[in-house]
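> Coordinates for the following, if possible.
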Amino acid sequence: MEKFPEFTAQDFSSKQIAHLGLVAGMIDELGISAVIDEALPKTRNHILPHSAVVKAMLLNGLGFNERRLYFFSRFFTNLSTEQLFGSGVTPDHLNDDVLLRTLDKIYEYGSTDLFNKVVLEVMKKLQFGTHLLHADTTSFSVHGDYETEDDDFRTIQITYGHNKDHRWDLKQFVLAMVTNQHGIPLFTQPYSGNESDKKILLETIQNVQTNLNLDDKAYYIADSAFYTAPNLQTLGQHTFWISHPPATIDEAKSLLVADVPMTPGMEEGYSFHERLVNYAGIDQKWVLVHSEKRRVAGEKKHRRNLDKRIEQARKSWKKLRAKEFACEPDARMAARLWFDEYPYLSPENIQVLLKTKKKNGRKGRPGKDEAVETVYFVDSPLEIIPDVIEQEKTRLGRFILATNDLDLDPDSILKYYKGQQSVERGFRFLKDKSFRVAEVFLKKETRIEALSMIMVLCLFVYAVAEWHLRTRLRETGTTVKNQLKKPIQNPTMKWIFTLFMRPAEVTVTLNSHIQRFIVNLDDEVNQILTLMGPAFEKYYFVRSTREI
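Coordinates of the predicted model:
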């Protein structure tokens, strides 16, 4: 590291670089700017091309800042924009107008098409695998009325729908995403806020098949929302999938409580029972999985909830007991329907009681010639059915996984399905307040659609950078220290970003010369830069010294 010559403090300034050099290096390494320039060429006399603005949005989205995108221009005030973007680029060039203009261009091109173009170019350079493709959806809540003015049928609708954040008071849009086994997003598409997950997941899988060149034998992995008869029939027997059949299916209900032999799995605490079934005309393998850890946690929850369920049933039964019926069959039917809703309570001792009362509704004993009517009431002791409770306990820790690859073994099915956490982690990343990439408060639905692509592109850059560093650590046999100072080879990129909090650019004026220095590059930072490669190192070394 260079040493400072002697100087006076009159012309001294500093600008932050921090971990943003890593983000910029990853953008360069992946060739994202070249793809953007080809898709969105600079056609007017603007200072910055759209690729530079996209790069700026990615830096902003991965900036660990508390400033949301409507504070876009302020984010760059104290950053070394020349080091990150090139000579002559100042924070003034990165204003809200250029941000919105680029978002409009992304929408015009097609946000999904642009993301696909980036992914396809990167896949030509890097072999990070497409063996497992995890598909899922999430919702993003937004503020504002969002009355659609654009007649373009492609535009998503910001509207009310099933909100996965339980913000029923807010409108939303839905984002579909597919990641590979490393959590790298390979496909994304925004949808209107009221679209059905069942429809979205099928369309997403079909779009991945159409848009990506998949050389690997791929398994599409999705949750129970995907598992419908029409979806399975549409994909057929030769598009391989792994899913979780809903417990509402009769065959699943029976299997979950069946007394069947279980075979221990390779992973401790799991056991399996295999069964070949034909559902929706598709031959498939169902695996009943028992998780001991899940069973223990489920038993504790079951004990806590049973008393609450019984108390709720007593309150509901009290209301039914007070209800009058015109005839005995109506009373018995109401009681039977009630017990159907509480299958763990016995209906065997239902009684129907009758009572004579005045037709005029007045209280007291009826007179000799006063008109009366007979009304009926139900009553029964509320007794738990032990066998039903035992059946409930039997289901604890059990779930069913299904695949149409009949040759896939249970251990692999479980392992592959558990990888579904990768796409769920991706959605948590997008909604993580420390990254601020999920704060959507723009005025136009078209720009929200474009911004959703930028959000996932942030995740793409982050996830590929993490995969790249972990790969280099394994290849070289080296490690980095985690938060507990233990050597590891699988650090999160978020932790690596934390290690890069201190690097900065210092500018000093000496005898009419401007000299620039990059400071706070310790041994740990330098080791990581060496592992990551030249595309990353260049952002942490002085590019030029100018004379005034």
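> Nearest the geometric middle of this protein, what residue?
In the chain, the residue lying closest to the centroid (CA atoms, centre = their mean) is Phe427, at 2.4 Å.
> What is the burial count for the residue lying closest to Leu201 once chain neighbours are set aside?
Distances taken as CB to CB, 6 or more residues apart in numbering put Phe226 closest to Leu201, at 4.3 Å, once the chain neighbours are dropped. For glycine as for every other residue, the C-beta is placed from the backbone atoms N, C-alpha and C. Around Phe226 there are 25 other residues, counting by other CB atoms under 10 Å.
> One more: Asp96?
Residues near Asp96, counting by other CB under 10 Å: 13.
> where do the helices sit along the stretch 101-250 of the chain?
Along the stretch 101-250 of the chain, counting by DSSP state H, counting those that start in this stretch, helices occupy 111-125, 197-211, 229-235, 250-256.
> Which one of those helices lies nearest to Met177?
The closest of the helices of the stretch 101-250 of the chain to Met177 is helix 197-211. By CB to CB, the value is 8.0 Å.
> want to throw the helices of the stretch 101-250 of the chain into JSON lines with distance to Lys42 and mean pLDDT?
JSON lines is the format used below for the helices of the stretch 101-250 of the chain (distance: least, CB to CB, whole Å; pLDDT from 0 to 100):
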{"stretch": "helix 111-125", "distance to Lys42": "16", "mean pLDDT": "94"}
{"stretch": "helix 197-211", "distance to Lys42": "26", "mean pLDDT": "93"}
{"stretch": "helix 229-235", "distance to Lys42": "42", "mean pLDDT": "96"}
{"stretch": "helix 250-256", "distance to Lys42": "56", "mean pLDDT": "92"}
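> Make JSON lines from these and add distance to Leu186 to it.
What follows is these, written out as JSON lines (distance: least, CB to CB, whole Å):
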{"stretch": "helix 111-125", "distance to Leu186": "5"}
{"stretch": "helix 197-211", "distance to Leu186": "7"}
{"stretch": "helix 229-235", "distance to Leu186": "18"}
{"stretch": "helix 250-256", "distance to Leu186": "30"}
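> Out of the ones you listed, which is closest to Asn526?
Of all the helices of the stretch 101-250 of the chain, helix 111-125 comes closest under CB to CB, at 25.5 Å.
> chain center to the closest one: distance?
Centroid separation for helix 111-125 versus its chain: 20 Å, with CA atoms, centre = their mean, to the nearest Å.
> now stretch 338-353
42 Å.
> now the end-to-end length of that stretch.
Using CA to CA, to the nearest Å, the end-to-end distance of stretch 338-353 comes out at 17 Å.
> ok, now stretch 13-27?
Using CA to CA, first and last residues of stretch 13-27 are 27 Å apart.
> thinking again about what came up before, any chance of the helices of the stretch 101-250 of the chain in TSV with mean neighbour count and distance to His290 as columns?
TSV is the format used below for the helices of the stretch 101-250 of the chain (neighbours: other CB atoms under 10 Å; distance: least, CB to CB, whole Å):
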stretch	mean neighbour count	distance to His290
helix 111-125	18	38
helix 197-211	18	27
helix 229-235	16	25
helix 250-256	15	10
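> longest helix anywhere in the chain?
For the chain, the helix with the greatest residue count under DSSP state H is helix 445-476.
> Tell me which helix or strand the residue nearest to the centre of the chain sits in.
Assigned by DSSP states H and E, Phe427 belongs to helix 421-431.
> what's the angle from that helix to helix 445-476?
Interaxial angle of helix 421-431 relative to helix 445-476 (axes from the mean of the first three to the mean of the last three CA atoms, to 10 degrees): 130 degrees.
> How far away from the center of its chain is helix 421-431?
Per CA atoms, centre = their mean, the centroid offset for helix 421-431 relative to its chain is 4 Å.
> Could you export it as PDB, CA atoms only?
Once non-C-alpha atoms are left out, helix 421-431 reads as follows in PDB (Å, rounded to 0.1, in the frame of the first residue of the first chain):
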ATOM      1  CA  GLN A 421     -34.900 -22.700   0.300                       C
ATOM      2  CA  SER A 422     -32.600 -21.100  -2.300                       C
ATOM      3  CA  VAL A 423     -35.500 -19.200  -4.000                       C
ATOM      4  CA  GLU A 424     -37.000 -18.400  -0.700                       C
ATOM      5  CA  ARG A 425     -33.700 -16.900   0.500                       C
ATOM      6  CA  GLY A 426     -33.700 -14.900  -2.700                       C
ATOM      7  CA  PHE A 427     -37.100 -13.400  -1.900                       C
ATOM      8  CA  ARG A 428     -35.900 -12.600   1.600                       C
ATOM      9  CA  PHE A 429     -32.900 -10.900   0.100                       C
ATOM     10  CA  LEU A 430     -35.100  -8.800  -2.100                       C
ATOM     11  CA  LYS A 431     -37.200  -7.800   0.900                       C
END
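> what is the mean pLDDT for that helix?
Mean per-residue pLDDT for helix 421-431: 85.
> Run through the stretch 201-350 of the chain and note the low-pLDDT ranges.
Residues of the stretch 201-350 of the chain meeting the criterion pLDDT under 70: 215.
> What are the boundaries of the strands in it?
Assigned by DSSP state E, counting those that start in this stretch, the stretch 201-350 of the chain shows strands spanning 219-221, 241-243, 263-264, 270-279, 282-291.
> Next, format the ones you listed as JSON lines and append distance to Val119 and mean neighbour count.
Formatted as JSON lines, the strands of the stretch 201-350 of the chain follow (distance: least, CB to CB, whole Å; neighbours: other CB atoms under 10 Å):
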{"stretch": "strand 219-221", "distance to Val119": "16", "mean neighbour count": "26"}
{"stretch": "strand 241-243", "distance to Val119": "21", "mean neighbour count": "25"}
{"stretch": "strand 263-264", "distance to Val119": "40", "mean neighbour count": "10"}
{"stretch": "strand 270-279", "distance to Val119": "33", "mean neighbour count": "15"}
{"stretch": "strand 282-291", "distance to Val119": "30", "mean neighbour count": "19"}
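> Can you lay out those as TSV showing distance to Ile496?
What follows is the strands of the stretch 201-350 of the chain, written out as TSV (distance: least, CB to CB, whole Å):
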stretch	distance to Ile496
strand 219-221	28
strand 241-243	32
strand 263-264	38
strand 270-279	33
strand 282-291	33
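> among those strands, which is nearest Ala504?
In terms of CB to CB, the element of the strands of the stretch 201-350 of the chain nearest to Ala504 is strand 219-221, at 43.2 Å.
> Could you pull out the buried residues of the helix holding Phe427?
By 16 or more other CB atoms under 10 Å, the buried positions in helix 421-431 come out as 422-423, 425-427, 429-431.
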